[in-house]
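*Asks:* Just a sequence and a predicted model for now, questions to come.
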Amino acid sequence: MDPISLPHEGGPFWARFQWTMVALGVIFYLFLFPHSIGGDGYLRYIGLLDLLEKGKINAIFYSYVGPLVSSPLYYLGYLVKTHFWWLSRFNTLVFLGSAWALWRFFRPDWSATQGRIFLLLLFCGSMFPKHITDYYAEVFTACTAALAIASFLRGKFWPGAVLLCLSVWNVPGTLIGGGLVLAFFAWRDRQW
């Protein structure tokens, strides 16, 4: 994997500044940005509540995969805050965990500055700042697909396959893209 070359690595001041920006991003994402559950996220939310509280599966047009993965947060709401507070932050937690995992994935190949800039781009220059404030399916799908690709790049087929299946199952419209990812790595590794 070719690392990104930067013209100037900066000094200790820039390293502290960049880590401070990342830490502020975590605080803003979790505690200061307004979180809500609306649109199709609300239908998923109601579907999860009906399943967990009444044992009833609603006939919604959307997948239950993301809501089922978020169900431990529902139960955490009985201990701290409310289940709405936790579930509205599900995408934030998925994003932060995925950003940490991807940073660790690239860390052996990149300089410390490149890793910090990668995190800052994820935090500020991507789709995530807006999408993490709601309960929609896109963040979970994108993060599990990215982690699947990272797993395939490291030669870890089964974790990658499980993550890619979760991604596609969460948003079935990504089936063709997920199939192309599998086909590429099968062709590259000459292993079906």
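*Replies:* That came through fine.
*Asks:* Could you list the low-pLDDT ranges of the protein?
*Replies:* Low-confidence segments of the chain, defined by pLDDT under 70, are located at 1-10, 192.
*Asks:* repeat that for 90
*Replies:* Low-confidence regions of the chain, defined by pLDDT under 90, span residues 1-15, 39-40, 57-64, 109-115, 124-132, 154-158, 172-173, 182-183, 185-192.
*Asks:* Centroid-wise, who is the farthest residue in it?
*Replies:* Gly11 (30.5 Å; C-alpha atoms, centre = their mean).
*Asks:* need the helices for this structure, in chain order.
*Replies:* In the chain, the helices defined using DSSP state H lie at 12-27, 39-54, 65-76, 83-87, 90-106, 112-124, 128-131, 138-153, 157-170, 175-189.
*Asks:* Pipe these into a markdown table and attach mean neighbour count per row.
*Replies:* All C-beta atoms are positioned from the backbone trio N, CA, C, and that covers glycine. As requested, the helices of the chain are arranged in a markdown table below (neighbours: other C-beta atoms under 10 Å):
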| stretch | mean neighbour count |
| --- | --- |
| helix 12-27 | 13 |
| helix 39-54 | 17 |
| helix 65-76 | 18 |
| helix 83-87 | 19 |
| helix 90-106 | 19 |
| helix 112-124 | 17 |
| helix 128-131 | 18 |
| helix 138-153 | 22 |
| helix 157-170 | 19 |
| helix 175-189 | 14 |
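*Asks:* could you dump those to a markdown table with distance to Phe33?
*Replies:* As requested, these are exported to a markdown table (distance: least, C-beta to C-beta, whole Å):
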| stretch | distance to Phe33 |
| --- | --- |
| helix 12-27 | 10 |
| helix 39-54 | 15 |
| helix 65-76 | 17 |
| helix 83-87 | 13 |
| helix 90-106 | 8 |
| helix 112-124 | 12 |
| helix 128-131 | 8 |
| helix 138-153 | 13 |
| helix 157-170 | 23 |
| helix 175-189 | 29 |
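*Asks:* got the contact list for the closest residue in space to Ala150 that isn't next to it in sequence?
*Replies:* Closest residue in space to Ala150, ignoring its immediate chain neighbours: Phe105 at 4.6 Å, by C-beta to C-beta, 6 or more residues apart in numbering. Residues touching Phe105, when contacts are defined by C-beta atoms under 8 Å, 6 or more residues apart in numbering, comprise 150, 153-154.
*Asks:* From Ala145, how far out is Phe105?
*Replies:* Per C-beta to C-beta, to the nearest Å, Phe105 is found 14 Å from Ala145.
*Asks:* wouldn't Ala101 be in contact with Ile149 here?
*Replies:* No - contact between Ala101 and Ile149 fails when scored by C-beta atoms under 8 Å: they sit 11.8 Å apart.
*Asks:* OK, contacts around Asp134?
*Replies:* Remark: with contacts taken as C-beta under 8 Å, 6+ apart, Asp134 is in contact with 35-39, 41, 88, 91.
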